[in-house]
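Asker: heads up, no residue letters with this:
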């Protein structure tokens, strides 16, 4: 099932009989899924399933919903903060579907965080041991909120302000990986894309988080566009997008958020094409996108950094070198920064 089709079904936008039947089946499936998740969590709570301690500080950065929540930019931001303090940092990731193949996010993290080890291993405990053997001082467990086998000293959740709680239904009837009651396990939450929603939405999200976990540290953040990096290696400030005609495309969990980020730069979006999350691009896909530039007269073809990692691997890339590239994004914490960094400093022993 395509990503957009799934969202249309679970939100009720698709009102066809077929969609109604699928919603019913998804609801039944979600009950079984929720039962399995609850049993597994209870087994960890009751210490029937064992937690492995790494012997070094572990920071988990994950989410409670499926889809794009701004987790990768948050991982990159924490990595840079730790390495700037002189700590040798390693990121533990399982890759996409537990493999290093098409592992766009690990490759992007490795490129942005020079000097940081990126260990791709679906067994994060084994990955942690390998990282420590290579001299890591701190371990960042990417997308590990549900991976309870590896012990952690700090659990940070990324909450997408544009769809914070996954339609408040567990997979596959919604996007929740776990019931909201499990928010009690988190030490901190970073609300991402806070600039894309009204202020009262942020207040509501914080209230829900604190309802389930009164002690949680809540930070708010924006996705800040930094620069446009072109295929030929040149780069320009993101302000260069102002009034520019652009064709945008992406294969991420929240494509609308990317569109809003580009619009906030003042760009005139001539065409927008989105693919499923982790889409494996072909030369034919890129030719079609290049044709859209010709058809619309757009100045620039633009995608996300995560998508560009995969596109750069295509030998016969038909996109123009001088007018195609990606928008580099950084997480900017606007509220709760000192509290969040204080928790990181506390568990890493740095000041």
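Answerer: Happy to help now that I have it. Just so you know, these numbers come straight off a predicted model, no measurement behind them.

Asker: drop to CA atoms for contacts and neighbour counts, all remaining ones
Answerer: Will do.

Asker: Could you give the number of residues near residue 83?
Answerer: 17 (other Cα atoms under 10 Å).

Asker: avg pLDDT for the helix or strand hosting residue 258?
Answerer: Using DSSP states H and E, residue 258 sits within helix 255-264. In this model, helix 255-264 has an average pLDDT of 95.

Asker: Partner strands of whatever helix or strand comes next after that helix and their direction?
Answerer: The helix or strand immediately downstream of helix 255-264 is strand 268-274, counting by DSSP H and E. Here strand 268-274 has these sheet partners by DSSP bridges: strand 245-250 (parallel).

Asker: tell me the angle the helix holding residue 258 makes with strand 245-250.
Answerer: 160 degrees (axes from the mean of the first three to the mean of the last three Cα atoms, to 10 degrees).

Asker: What is helix 255-264 packed up against?
Answerer: strand 268-274 (3 or more Cα pairs under 8 Å, 6 or more residues apart in numbering; DSSP states H and E).

Asker: So what touches the strand it packs on?
Answerer: For strand 268-274, contacts defined as Cα atoms under 8 Å, 6 or more residues apart in numbering pick out 242-251, 255, 259, 263, 292, 296, 298.

Asker: Give me the distance between it and the centre of its chain.
Answerer: How far strand 268-274 lies from its chain's middle: 22 Å, per Cα atoms, centre = their mean, to the nearest Å.

Asker: what's the following helix or strand after it?
Answerer: Where DSSP H and E defines the elements, the next helix or strand beyond strand 268-274 is helix 283-296.

Asker: count of residues packed around residue 170?
Answerer: That count, for residue 170 with other Cα under 10 Å as the rule, works out to 27.

Asker: same check, this time on residue 293
Answerer: Neighbours of residue 293 using other Cα under 10 Å come to 23.

Asker: residues contacting the residue nearest to it when sequence neighbours are not counted?
Answerer: The spatially closest residue to residue 293, leaving aside those adjacent along the chain, is residue 247, at 6.3 Å (Cα to Cα, 6 or more residues apart in numbering). With contact taken as Cα under 8 Å, 6+ apart, residue 247 is in contact with 269, 270, 271, 272, 289, 292, 293, 298, 300, 301, 302.

Asker: Without its sequence neighbours, what residue ends up closest to residue 44?
Answerer: Nearest non-adjacent residue to residue 44, counting by Cα to Cα, 6+ apart: residue 50, 6.9 Å away.

Asker: How about residue 145?
Answerer: Nearest non-adjacent residue to residue 145 (Cα to Cα, 6+ apart): residue 62, at 5.0 Å.

Asker: same thing with residue 311?
Answerer: Nearest residue to residue 311, sequence neighbours excluded (Cα to Cα, 6+ apart): residue 281, at 6.6 Å.

Asker: what about that neighbour, how many neighbours?
Answerer: By other Cα under 10 Å, the residues close to residue 281 number 16.

Asker: Settle this for me: it is touching residue 313, isn't it.
Answerer: No: using Cα atoms under 8 Å, residue 281 is not in contact with residue 313, being 9.6 Å away.

Asker: Just the buried positions in the helix holding residue 258, please.
Answerer: Using 16 or more other Cα atoms under 10 Å as the test for burial, helix 255-264 gives 255, 257, 258, 259, 261, 262, 263.

Asker: for it, the distance to its chain's centre please.
Answerer: The answer for helix 255-264 is 15 Å, by Cα atoms, centre = their mean.

Asker: Report the rounded mean pLDDT for stretch 222-232.
Answerer: Rounded to a whole number, the mean pLDDT of stretch 222-232 is 96.

Asker: contact partners of it?
Answerer: 192-195, 235-239, 261, 265, 320-334.

Asker: next one: stretch 140-154
Answerer: Contacts for stretch 140-154 (Cα under 8 Å, 6+ apart): 44, 49-54, 57-64, 71, 75, 79, 89-94, 124-125, 155, 157, 186-188, 343-344, 347.

Asker: Each with direction, which strands does the longest strand anywhere in the chain pair with?
Answerer: As assigned by DSSP state E, the longest strand anywhere in the chain is strand 217-230. Using DSSP bridges, strand 217-230 pairs in its sheet with strand 188-192 (parallel), strand 235-237 (antiparallel), strand 324-335 (antiparallel).

Asker: deepest of those, which one?
Answerer: Mean neighbour count, computed with mean count of other Cα atoms under 10 Å, is highest for strand 188-192 among the strands paired with strand 217-230, reaching a mean of 26.

Asker: Figure out how far that strand is from the centre of its chain.
Answerer: Distance of strand 188-192 from its chain centroid, counting by Cα atoms, centre = their mean, is 12 Å.

Asker: same check, this time on stretch 269-279
Answerer: On Cα atoms, centre = their mean, the centre of stretch 269-279 falls 16 Å from the chain's centre.

Asker: Go through that stretch and flag the buried ones.
Answerer: Neighbour counts over stretch 269-279 (16+ other Cα under 10 Å) mark 269, 270, 271, 272, 274, 275, 276, 277, 278 as buried.
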